[in-house]
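K.L.:
Quick one, what's the 3D model for this:
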Amino acid sequence: MTPPQFRIGELARADRTPAELSREFGCSAQTIPNWVAQAAIDAGQPLPGKDGLSSAEREELARLRRENRRLQMERDILAKATAWFAARGEKTPTSSSS
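P.N.:
All right, here's what the predicted structure looks like:
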């Protein structure tokens, strides 16, 4: 079954109003123009005044934000571990080249 947001663009271009489409698909009337605008952005033809990220760009941004949070957490853990070892007066073992 095709998700509704993929059919909305076709139906909106067929002179169906957002109110009609929202009743049919069980969503708010504002959702319809949002889906139409996002479909246009994804197709590389954004509507006037509706600039934004494509779905692929949104997914990449979300992935990069997750990765950034993970890296910050790892950095914080390493900083705490370094401070803990420094407070104990222990040095990390180093390999000798002799």
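K.L.:
all helices of this structure, in order?
P.N.:
Counting by DSSP state H, the chain has helices at residues 4-13, 18-25, 31-42, 55-88.
K.L.:
and the ones you listed, which is most packed in?
P.N.:
Sort the helices of the chain by mean neighbour count, taking mean count of other C-beta atoms under 10 Å, and helix 31-42 sits at the top with a mean of 19. The C-beta positions use only the backbone N, C-alpha and C, and glycine is treated the same way.
K.L.:
Quick check: which ranges of the chain have low pLDDT?
P.N.:
The model of the chain has pLDDT under 70 over residues 1-13, 90-98.
K.L.:
Could you check how far the spatially most central residue of it is from K80?
P.N.:
Central residue of the chain (C-alpha atoms, centre = their mean): A62, 3.2 Å from the mean position. Separation of A62 from K80 (C-beta to C-beta, to the nearest Å): 27 Å.
K.L.:
Identify the structural domains in this structure and state their residue ranges.
P.N.:
Domain assignment of the chain by automatic domain parsing yields the ranges 1-52, 54-87.
K.L.:
G49 is nearest to which of the helices of the chain?
P.N.:
helix 31-42 (9.1 Å; C-beta to C-beta).
K.L.:
what packs against the closest one?
P.N.:
Using 3 or more C-beta pairs under 8 Å, 6 or more residues apart in numbering; DSSP states H and E, the elements in contact with helix 31-42 are helix 4-13, helix 18-25, helix 55-88.
K.L.:
angle of that helix against helix 18-25?
P.N.:
90 degrees (axes from the mean of the first three to the mean of the last three C-alpha atoms, to 10 degrees).
K.L.:
How far off centre is helix 31-42?
P.N.:
The chain centroid and the centroid of helix 31-42 are separated by 16 Å under C-alpha atoms, centre = their mean, to the nearest Å.
K.L.:
likewise stretch 19-28?
P.N.:
The answer for stretch 19-28 is 25 Å, by C-alpha atoms, centre = their mean.
K.L.:
and that stretch, C-alpha only, in PDB?
P.N.:
The C-alpha coordinates for stretch 19-28 follow below in PDB (Å, rounded to 0.1, in the frame of the first residue of the first chain):
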ATOM      1  CA  ALA A  19      -9.800  19.900   3.900                       C
ATOM      2  CA  GLU A  20     -11.200  17.200   1.700                       C
ATOM      3  CA  LEU A  21      -7.900  15.300   1.700                       C
ATOM      4  CA  SER A  22      -7.400  15.700   5.400                       C
ATOM      5  CA  ARG A  23     -10.800  14.000   6.000                       C
ATOM      6  CA  GLU A  24     -10.000  11.200   3.600                       C
ATOM      7  CA  PHE A  25      -6.500  10.500   5.100                       C
ATOM      8  CA  GLY A  26      -7.300  11.300   8.700                       C
ATOM      9  CA  CYS A  27      -4.700  14.000   9.200                       C
ATOM     10  CA  SER A  28      -4.800  17.800   9.800                       C
END
